[in-house]
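**Student:** here is my input, please return the structure:
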Amino acid sequence: MPHRIQWSDLPGPVRTHLEHALGGRIVDATGPAGGFGHQLAAVLTLASGRRVFVKAAPDDDPLTASNVAEAAVLHALPHRAPAPDPITLERTHGWTVVVIEHLDGPHPDLGPGSPDTAAVPERLDKLAADPADDRYRTAVGTTAAESIRLHGWSDPHLTDLDPWASGRLDRLRDLEQAWPAHAFGDRVVHGDLRADNMVRDRIHGPVFVDWAHATLGPGWVDLASLAPQLVLAGHRPVDVADLLTGHPLTGNAPDGVDAFLAALTGHWERGSRQGDPARAPGLRAYQRRAAAAGRAPRRAPALTPGQDREPTGC
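**Tutor:** Residues are numbered from 1 along each chain as shown. Predicted coordinates:
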């Protein structure tokens with residue numbers, strides 16, 4: 001079974017309806033290389049040359065609710081948010097199709113020396129500058145960040161940990177259990193930042209896509225979540241720690257950052273040992289890589305004089 005629903009899998013009446021909604025014949029559909037969802041995710045090119053990005057799935061598919069929620073978030077985001085504009089949501093013949101602005105550019109390069117490594121945190125600074133407004137709060141609800149449920153280190157099936165993790169397991173469990181107390185906040189949180197959930201638009205610069213996990217939370221969560229992504233991109237763990245310590249968003253919340261990163265890494269450790277999902281074949285391999293990046297030893301951030309705290313993974 002193919003990983004993703006393809007444009008040709010949509011019933012003919014659904015495709016015809018979308019052409020009418022967009023005002024032109026669709027002549028090409030190109031899917032993305034990354035991502036783990038199984039719904040249609042494609043750039044559609046119209047005969048006029050206009051391009052749009054679409055997500056689509058049957059109404060009874062579990063991902064349809066996520067697609068609809070993302071559309072609501074895109075409508076509710078503040079004007080300053082680095083996000084694509086929503087265009088339309090179409091329900092027809094048992095399918096739901098979300099149409100979003102197409103962004104022109106590649107994924108950013110988060111590797112050492114890339115200007116994107118500085119540009120992305122700058123975007124996060126602006127996004128976290130002010131509390132979320134009522135419209136956004138209504139779209140996502142007022143509960144804590146979805147990541148409040150991150151966990152894994154207490155799972156009894158984690159019996160094959162590497163020496164670094166097994167030697168610190170009690171500390172990692174304590175940090176993971178401390179995370180929910182830090183998870184509340186009033187800022188816009190994307191909730192799933194990776195390079196393949198960003199586009200370096202040729203006009204707008206780095207733009208964040210795939211807002212299906214957006215929520216309210218602390219303003220530092222998205223930046224902290226980039227730590228393992230930067231390790232995966234080739235940064236030294238100690239340099240990533242310096243970034244977290246020196247940046248105002250994360251440097252002012254060292255306990256929360258440590259707790260969040262421990263919980264996030266435990267979540268990946270636990271997930272990587274589960275069975276391979278049939279319609280997301282690359283997910284477990286990604287979780288193994290991400291967990292390894294999260295275990296990368298680093299200096300504990302923002303230690304105060306005389307404080308002796310066990311470093312955690314990125």
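
**Student:** on the three-state scheme, the closest residue to residue 130 other than its chain neighbours is what?
**Tutor:** Nearest in space to residue 130, with sequence neighbours left out and distances taken as C-beta to C-beta, 6 or more residues apart in numbering, is residue 78 at 7.6 Å. Heads up, the C-betas are built off the backbone N, CA and C, glycines and all. Judged by DSSP: H, G, I helix; E, B strand; the rest coil, the three-state class of residue 78 is coil.

**Student:** could you give the average pLDDT over stretch 18-37?
**Tutor:** For stretch 18-37, the mean per-residue pLDDT is 89.

**Student:** how about the longest helix along the chain: buried residues?
**Tutor:** Assignment by DSSP state H gives helix 254-272 as the longest helix of the chain. The neighbour-count check on helix 254-272 (16 or more other C-beta atoms under 10 Å) flags 254, 256-272 as buried.

**Student:** what does stretch 83-95 give?
**Tutor:** 83-84, 86-87, 89-90, 92, 95.

**Student:** just the mean pLDDT for it, thanks.
**Tutor:** Mean pLDDT, computed over stretch 83-95, is 97.

**Student:** can you give me the end-to-end distance of it?
**Tutor:** Using C-alpha to C-alpha, to the nearest Å, one end of stretch 83-95 lies 25 Å from the other.

**Student:** what do you get for stretch 119-136?
**Tutor:** 24 Å.

**Student:** next one: it to chain centre, how far?
**Tutor:** In this view, stretch 119-136 has its centroid 15 Å away from the chain centroid, taken as C-alpha atoms, centre = their mean, to the nearest Å.

**Student:** cool, and stretch 77-86?
**Tutor:** Distance, centroid of stretch 77-86 to centroid of chain: 16 Å (C-alpha atoms, centre = their mean).

**Student:** ok, back up a step: wait, the residue nearest to residue 130 touches residue 133, no?
**Tutor:** Yes - using C-beta atoms under 8 Å, residue 78 is in contact with residue 133, at 6.4 Å.

**Student:** higher neighbour count, the two?
**Tutor:** Counted by other C-beta atoms under 10 Å, residue 78 and residue 133 do not tie: residue 78 has more neighbours, with 15 against 12.

**Student:** gap between the more buried one and residue 129?
**Tutor:** To residue 129, residue 78 is 10 Å away according to C-beta to C-beta, to the nearest Å.
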